[in-house]
Structures are given as C-alpha cells and as structure tokens.
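Asker: Just need the structure, nothing else, for what follows:
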Amino acid sequence: MADRADLRARAFDAFRAGVAAADPASAVARGLSAHPLPDTRGRRYIVAVGKAARAMAQAALDAIGPVDACIVVTNYENAAPLDGAEVMAAGHPVPDESGLAAGQAVLRLLDRADADDLVVALVSGGASALLPAPAPGLTLADKAAVNSALLASGLDITDMNLVRQNLSELKGGGFLRHAAPARVASYILSDVLGDDLRVIGSGPTVGPIGPPAAARALLEAKGLWAGLSPQVQAVLGREAPPAPPEAEAWLVGSNGQSLAAMAGAVGADISDGDLVGDVQAAAERIVAEARDLAPGSALAFGGETTVRLTGTGRGGRNQELALRVARSARTAGLAGPWVFLSGGTDGRDGPTDAAGGIVDDGTLDRIAAAGLDLEAILADNDAYRALEASGDLLMTGPTGTNVADLQIFLRGDG
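Answerer: Residues are numbered from 1 along each chain as shown. From the prediction side, this is the model:
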C-alpha cells in the first residue's frame, strides 16, 4: 500500500521528469536540426534572453561555432560565465537597473547589424522582465511600477504582456525593427499556455498582441488606468508603430511536452484543458476531478493560475494553489492518503526560493499544530509561511528552464 512518503516521492520524481523534458539545450539542438540557420555573408550574432538563456546560448554556440557577438540576459540565479558570450544578470519578476543596462547593450548590438548579417534570437520565459527597454518618455521606474501593478492585478500573461509590449522598444516586434535590415531567426521555448509566440517573452522577435489602444482599454476595464503615471498614460495614447519586419521563428519546447513527460513518469492521466484562472477556482476543479480518481491512480495538469493579492505575505501562485487544494480536499471530505504537487518549472514561485508546494492529507493538521490560522494565512497571501511550517515547500533550486507550471494529484491505494 502506498503511503504518504511513497506518494510524495512519486510526485516529486514526476515533476522532475517534466522539468527534464524542457531541457533548453536539447530544445535548441532539436530546433537547429529541424530548422538550420540560413547562410550569411556577413556577421553572426546571438542574443539569448530569458530564464533558460544561458543553456540555450551554450547549445547554439556548440552547434554553430564562434559568432561575432553573443549576449546572454538571464536571471541572477541562472547566470554563470560562458565562453564566447557576455552573460548579463537581471531582475525578475520586477525589472531592475541591471536589466536596463542589458536592454541597452542588446539595442546597441541590433542597431549595428546590416543587411548581410544574421541575428539568432533565443527566447525563453522571463524575457519580459529581464530585458526592459523603456519606450521614449519612460523611465525604468515607470516600467517597474507598471510591472508591479500588473503582477498584483490577477491578469493573465497575455493581458500583462499586451501592456508590457506597448511600453517597450524591444517587445512586440521591437527587436526586429532595431535589427532591420539584418535577417533574424528565432528559437523559442514557451512558458505560455497555447504557445502564442507573440506572448512568450512579450514577442520581441514576433510582433504585438495588440496596439496601444487595446492596452489602454484593458487597463481601463480592470480599473488600473487611473493609477498609472501621466508618462505611461501618454505612451499608451500614441499611435501604433509600423508592423515589424517579417522573420523566422520556431517553437522548440512547451508546457504540453513537459506535461506529457510528467504524466508518463507515473502513468497519470492528463486533465482536459489548461489549468488557468483564479487560484481558488482551480483548486476546486482539481479536487472535484481527484474525487473521481481510482485508488492508486494519478491525474496531471499543466497551467498557470492567477492570484489577486489581498495581503502582504510571502508566496506564489503554486504555493497558494497547493494550500487551497489541501483546504478544498478537507472541505470535500476527500479520504487519504493523497498527495498534490504544484510547481514552477523554473524552480522559483513568486519572489521566494521555493518552486511551489507539495501537500497531502495531513498538511492542514501540521499547519494547525504549528499554531497558524489557515484563513488568516490565505487572506494575507502568506502561503510560504504555512507550507514552511508544515514541511511542504517544494524546493528544487533554479532549473535553468521555464515552461510555466506543472501539477499532479496522486491517490493512494489504501
């Protein structure tokens, strides 16, 4: 009979299998094999941006050899020296001065490219925050304030990146405008459900989700417009820029591929439909589907929920989802043993050192034994504190990749 310890080990192993399937080096190697780089008479540049940027750049350099310049922009946790490249670390999820310097370095590289040159772009999740290049009239502080407001709003990634694109020189095809007339070939690792290339990293080498007017309409509808600075409002009141030049862009990895690998590792079924939307609604869906699971079986999910911040505690969407699943399971009378894991494939959930949470039918008892009030914890968005007390934080360290979140629910056979 599988006990909690066995179920927790199986859940963790399944999550690791999902992360391994998103290995960025393998993804780039596959992409270059399927879509070889075009010949060029001029210089060759590499620009790699995102949480998986360093590994993607190394794979590209291994495959194509030395280039005239290679800039890698990634988060602090994943930054490390790389022969043949300039590695620049930057802030995530809120842009910082190091990211601003990286954005300026990328703009300088792109602006010197000419018609005979080739720019290889390697884009992965996190690129939006890691490479700020404020539109004329904006400062980094303006961008950071907007980003913080978006992160606290509960908007999904498509809506957030619609706004971010229209405040940037590089996003929404801006990369292509600055690289023109050079040829650009992009290899993209998706952290976005549905794999819309315009959304991943805010579409620097693809194009915009929508014009400034669409971003303004969204912000007005969500009650966020009045809180923006006059400078930001002015930029979003401008006419849409010209369409970016056409370029080649290929998807080389995604959440769906990792979800299949995770499910395969433990023989789990895959739930129909992405796990998106409000974190409480997602928790209720998970428990409702888990009630129909046969003993000894498992169900896998892939997605990215949203949390509307009401408190000042520490946590992230995966930690809060795990905690809410534990509460919903108790409310629904779901018998144990069972285990549920929710984790970010990048190894980091929100502004914490945890990847997410791994809870079971004893989690709420352990939280209560620690003297914590669950409802107060949830109201303060303080899931990290509760899961730390119960021993249920999912700790992986930085993984070097990012394909959104993975979740798995396992029921014991007892």
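
Asker: Which strands and helices lie in contact with the lowest-mean-pLDDT helix or strand in the chain?
Answerer: Least confident helix or strand, the chain: helix 140-153 with a mean of 89, by mean pLDDT, DSSP states H and E. Using 3 or more C-beta pairs under 8 Å, 6 or more residues apart in numbering; DSSP states H and E, the elements in contact with helix 140-153 are helix 97-111, helix 157-165, helix 230-235. Bear in mind the C-beta positions are built from the backbone N, C-alpha and C, glycine included.

Asker: Any chance of the ones you listed in a markdown table with mean neighbour count, distance to Pro351 and mean pLDDT as columns?
Answerer: Shown next, in a markdown table, are the helices and strands packed on helix 140-153 (neighbours: other C-beta atoms under 10 Å; distance: least, C-beta to C-beta, whole Å; pLDDT from 0 to 100):
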| stretch | mean neighbour count | distance to Pro351 | mean pLDDT |
| --- | --- | --- | --- |
| helix 97-111 | 19 | 15 | 97 |
| helix 157-165 | 24 | 16 | 93 |
| helix 230-235 | 16 | 23 | 97 |
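
Asker: Check Met1 and give its pLDDT.
Answerer: We have a pLDDT of 43 for Met1.

Asker: sorry, back to before: ok, and what's touching the least confident helix or strand of the chain?
Answerer: For helix 140-153, contacts defined as C-beta atoms under 8 Å, 6 or more residues apart in numbering pick out 93-97, 99-100, 129, 132, 134, 160, 163-164, 167-168, 222, 224, 227-229, 231-232, 308-309.

Asker: rewinding a little: tabulate the helices and strands packed on helix 140-153 (TSV), appending distance to Pro241.
Answerer: Putting those into TSV (distance: least, C-beta to C-beta, whole Å) gives the following:
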stretch	distance to Pro241
helix 97-111	15
helix 157-165	10
helix 230-235	11
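
Asker: Leu82: which of these is closest?
Answerer: helix 97-111 (14.6 Å; C-beta to C-beta).

Asker: send the alpha carbons of the closest one over as PDB?
Answerer: Taking Å, rounded to 0.1, in the frame of the first residue of the first chain, the C-alpha atoms of helix 97-111 are listed here in PDB:
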ATOM      1  CA  GLU A  97      18.900  48.600 -13.400                       C
ATOM      2  CA  SER A  98      20.900  45.600 -14.500                       C
ATOM      3  CA  GLY A  99      18.100  44.700 -16.800                       C
ATOM      4  CA  LEU A 100      18.100  48.200 -18.200                       C
ATOM      5  CA  ALA A 101      21.800  48.000 -18.900                       C
ATOM      6  CA  ALA A 102      21.200  44.700 -20.700                       C
ATOM      7  CA  GLY A 103      18.500  46.200 -22.800                       C
ATOM      8  CA  GLN A 104      20.700  49.000 -23.900                       C
ATOM      9  CA  ALA A 105      23.500  46.500 -24.800                       C
ATOM     10  CA  VAL A 106      21.100  44.500 -26.900                       C
ATOM     11  CA  LEU A 107      19.800  47.600 -28.700                       C
ATOM     12  CA  ARG A 108      23.400  48.700 -29.500                       C
ATOM     13  CA  LEU A 109      24.100  45.200 -31.000                       C
ATOM     14  CA  LEU A 110      21.000  45.200 -33.100                       C
ATOM     15  CA  ASP A 111      21.400  48.700 -34.300                       C
END
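
Asker: What is the helix or strand that that helix is followed by packed up against?
Answerer: Once the chain leaves helix 97-111, the next helix or strand it forms, by DSSP states H and E, is strand 118-123. If contacts are counted by 3+ C-beta pairs under 8 Å, 6+ apart, strand 118-123 sits against strand 44-49, helix 53-64, strand 183-189.

Asker: Give me the buried positions along the longest one.
Answerer: Looking back up the chat, that one is helix 53-64. Using 16 or more other C-beta atoms under 10 Å as the test for burial, helix 53-64 gives Ala53, Arg54, Ala55, Met56, Ala57, Gln58, Ala59, Ala60, Leu61.

Asker: what's the closest of the helices and strands packed on helix 140-153 to Ala11?
Answerer: helix 157-165 (25.2 Å).

Asker: Just name whatever secondary elements that closest one is in contact with.
Answerer: Partner elements for helix 157-165 (3+ C-beta pairs under 8 Å, 6+ apart): helix 127-130, helix 140-153, helix 212-221.

Asker: at 6 Å what do you get?
Answerer: helix 212-221 (3 or more C-beta pairs under 6 Å, 6 or more residues apart in numbering; DSSP states H and E).

Asker: Might you report the residue contacts of Val232?
Answerer: By C-beta atoms under 6 Å, 6 or more residues apart in numbering, the contact set of Val232 is Asp142, Val146.

Asker: ok, for Arg177, nearest residue in space, not its chain neighbours?
Answerer: Pro244 (5.3 Å; C-beta to C-beta, 6 or more residues apart in numbering).

Asker: give me the number of residues near the one you found?
Answerer: Applying other C-beta atoms under 10 Å, we find 22 residues neighbouring Pro244.

Asker: can you check Ala9 too?
Answerer: 12.

Asker: host element of it?
Answerer: Using DSSP H and E, Ala9 falls in helix 4-20.

Asker: That helix: what's the following helix or strand?
Answerer: helix 24-34.

Asker: tell me the SS of Tyr302?
Answerer: One thing to correct before we go on: residue 302 is Gly, not Tyr. strand (DSSP: H, G, I helix; E, B strand; the rest coil).

Asker: partner residues bridging it?
Answerer: On the basis of DSSP bridges, Gly302 is bridged to Leu406.

Asker: That one and Ile200, how far apart?
Answerer: 15 Å (C-beta to C-beta, to the nearest Å).

Asker: any weak-confidence spans in this structure?
Answerer: 1-2, 414 (pLDDT under 70).

Asker: let's see 50
Answerer: Along the chain, the parts satisfying pLDDT under 50 run over 1.

Asker: can I see the domain layout of it?
Answerer: 23-253, 268-411 (automatic domain parsing).

Asker: Can you tell me how far the closest residue in space to Thr139 that isn't next to it in sequence is from Asp413?
Answerer: Nearest non-adjacent residue to Thr139, counting by C-beta to C-beta, 6+ apart: Gln231, 7.6 Å away. As defined by C-beta to C-beta, Gln231 lies at a distance of 60 Å from Asp413.

Asker: do Ala17 as well
Answerer: Distance from Ala17 to Asp413, by C-beta to C-beta: 21 Å.

Asker: just Ala263 next, same as before
Answerer: 18 Å.

Asker: out of those two, which sits in the busier spot?
Answerer: Counted by other C-beta under 10 Å, Ala263 and Asp413 do not tie: Ala263 has more neighbours, with 23 against 12.
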